[in-house]
Structures are given as C-alpha cells and as structure tokens.
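S.K.: Structure, please.
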Amino acid sequence: LLQRGMRWLERLAGVMFVGFGVRLALVDNPAR
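M.R.: I've put the predicted structure just below:
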C-alpha cells in the first residue's frame, strides 16, 4: 500500500511539474 501511495505521489508531482512548466512557457511567450 505504501509503495502504491509513493508511486501515486510521484506521478502527481510529475504532472504538476509539467503543468507548471507549460503554464510558465505560455505566460512567458506573449510577454515577449
């Protein structure tokens, strides 16, 4: 159960990281 939870947290962190990067790129592009 603990291993499954850690895997889920890792996946969630990855998705959030990718989403944050995409949002940063989208916000930074029009400014230029």
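S.K.: For the rest of this, base every contact and every neighbour count on C-alpha atoms.
M.R.: Will do.
S.K.: low-confidence ranges in this structure?
M.R.: Filtered on pLDDT under 70, the chain yields the residue ranges 29-32.
S.K.: Show me the helices in it, by range?
M.R.: For the chain, the helices defined by DSSP state H cover 2-31.
S.K.: how many neighbours does residue 1 have?
M.R.: When neighbours are defined as other Cα atoms under 10 Å, residue 1 has 6 of them.
S.K.: I meant residue 2, not that one.
M.R.: 7.
S.K.: Would you check how far apart it and residue 20 are?
M.R.: 27 Å (Cα to Cα, to the nearest Å).
S.K.: And for residue 6?
M.R.: Taken as Cα to Cα, the span from residue 6 to residue 20 is 21 Å.
S.K.: what do you get for residue 4?
M.R.: Taking Cα to Cα, one finds residue 4 at 24 Å from residue 20.
S.K.: quick one: which of these two has more around it?
M.R.: The neighbour comparison of residue 4 against residue 20 (other Cα under 10 Å) goes to residue 20, with 12 against 9.
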